[in-house]
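Everything below, folded, please.
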Amino acid sequence: MSHMIKGRQIRAGRALINFTADELAKQVGMATPALLNIETGAVVPRESTVKRIIDVMGSNGVEFTPDGGVRPKPSGIEVFEGPARFDEFYDFLYVHLRENGGDVCLSIADETVISKYRSNSELHFKRMKELKGKGGFNSFRVLANKSTFTNKYSYSEYRRAPDSAIAPGAFYTFGDCLALMSFSHDPAPYVVVLRSAAFAETYRKAFNAGWESAEPMPSFDKRRKQ
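Predicted structure coming up:
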């Protein structure tokens, strides 16, 4: 769920970017009186409304903090916190791949933990397969110790690395982006995306070194028959 913001945060956020109530209400897609009622605390907004306000303010350079404050949104950094925003991270990934292509690398100790937080894994697999078919990315490699990998999805390649080669948490590299993931954060998952070609390349090189020394991972179907 999106964290609940306070009306005074919205007012402070508007002041930070010199937005009138009319301007914000128009971008959010709601009536100005309804927005003002939220700001004064006269009504409690729906979660979907809160999410729209957060998204609009974020796209205009304002970030709401969990302690009830506001601040300018750091340039080149996206934060996705909690299960609801985990799906938004994957939307970000799809759009970036569709527009930029490239190679995808995922390093994770236990890939099965991802399916616990992704609301619809089948939809994710379908979208990735479609992207691959349309040339949305060149390769999708996964380096993991534990996985539910099967031969059902042809867009990805898996290898299994020794325990010592995988750090807790996970990271993706795709294009000029590096996504760092924590599943111990409260609320989890916690994903920080850095739009930095230098950081992405540094992690990609580390991934490639681990990939070269890793073993092919047998599919779940093969392991089950053994």
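
hey, where'd the helices end up in this structure?
Along the chain, counting by DSSP state H, helices occupy 7-16, 21-28, 32-40, 47-59, 83-100, 112-117, 121-133, 197-213, 220-225.

In a markdown table: these, plus mean neighbour count, mean pLDDT and distance to Gly68.
Placement of C-beta: from N, CA and C, glycine included. Formatted as a markdown table, the helices of the chain follow (neighbours: other CB atoms under 10 Å; pLDDT from 0 to 100; distance: least, CB to CB, whole Å):
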| stretch | mean neighbour count | mean pLDDT | distance to Gly68 |
| --- | --- | --- | --- |
| helix 7-16 | 19 | 93 | 6 |
| helix 21-28 | 17 | 94 | 19 |
| helix 32-40 | 16 | 96 | 14 |
| helix 47-59 | 17 | 88 | 14 |
| helix 83-100 | 17 | 90 | 19 |
| helix 112-117 | 16 | 88 | 26 |
| helix 121-133 | 15 | 88 | 34 |
| helix 197-213 | 15 | 92 | 31 |
| helix 220-225 | 11 | 42 | 45 |
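
between the ones you listed, which gets nearest to Asp186?
Proximity to Asp186 (CB to CB) singles out helix 83-100 among the helices of the chain, at 11.9 Å.

and the angle for that closest one with helix 47-59?
Angle between the axes of helix 83-100 and helix 47-59 is 50 degrees (criterion: axes from the mean of the first three to the mean of the last three CA atoms, to 10 degrees).
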